[in-house]
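> Have a look; sequence and predicted model below, questions after that.
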Amino acid sequence: MGKYNTERKHKEGQEMYKAVYHFILKYYRKHRYMPSTRNIADGLDISMATARKHFNLLLDNGLLVSEDQQSRGRID
């Protein structure tokens, strides 16, 4: 049962990762600037911590690029 839960949680995490990425793309296309973590959380009805986690993973994986530590990420 533990393995099933681990696999299920992994799959759910991957789905949320994709949902955050697609939300950011759609938001950027509409507004021409990146959404804040609060925008992501509100738009996907998730916690700020979850939004921040996936946003940072997108940065770490190179799908988003931060111009500096203070600015929002940008799509490259």
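Yep, it's here. Numbers count the residues shown, from 1 in each chain.
> What is the burial count for Asn5?
Number of residues near Asn5 (other C-beta atoms under 10 Å) recorded here: 9. Where you see a C-beta, it was placed from the backbone N, CA and C, and this is true even at glycine.
> Sorry, slip of the keys, the one I care about is Ile40.
Ile40: 22 neighbours (other C-beta under 10 Å).
> Regarding this structure, what is its longest helix?
helix 2-31 (DSSP state H).
> contacting residues around whatever helix or strand comes next after that helix?
Using DSSP states H and E, the helix or strand that follows helix 2-31 in sequence is helix 37-44. Applying C-beta atoms under 8 Å, 6 or more residues apart in numbering, the set of residues contacting helix 37-44 from outside is 16, 19-20, 23-24, 27, 35, 46-48, 50-52, 54-55.
> circling back: could you pull out the buried residues of the longest helix of the chain?
Of all the residues in helix 2-31, those buried under the rule 16 or more other C-beta atoms under 10 Å are 16-17, 20-21, 23-24, 27-28.
> Check stretch 36-45 too.
37, 39-41, 43-44.
> for Glu19, what are its contacts?
In this structure residue 19 is Ala, not Glu. Leu44.
> Arg38 versus that one, what's the distance?
Counting by C-beta to C-beta, to the nearest Å, the gap from Ala19 to Arg38 is 16 Å.
> Just give me the closest of the buried residues of helix 2-31 to Gly62.
Nearest to Gly62 among those: Tyr21, at 12.0 Å, using C-beta to C-beta.
> Please tell me the pLDDT value assigned to the closest one.
The per-residue pLDDT reported for Tyr21 equals 96.
> Now do it against Ser36, distance only.
16 Å.
> try Ile46
14 Å.
> And Arg8, by the same measure?
30 Å.
> so where does the nearest residue to Val20 once chain neighbours are set aside fall, helix or strand?
Nearest residue to Val20 in three dimensions, chain neighbours excluded: His54, at 4.0 Å (C-beta to C-beta, 6 or more residues apart in numbering). Applying DSSP H and E as the criterion places His54 in helix 48-60.
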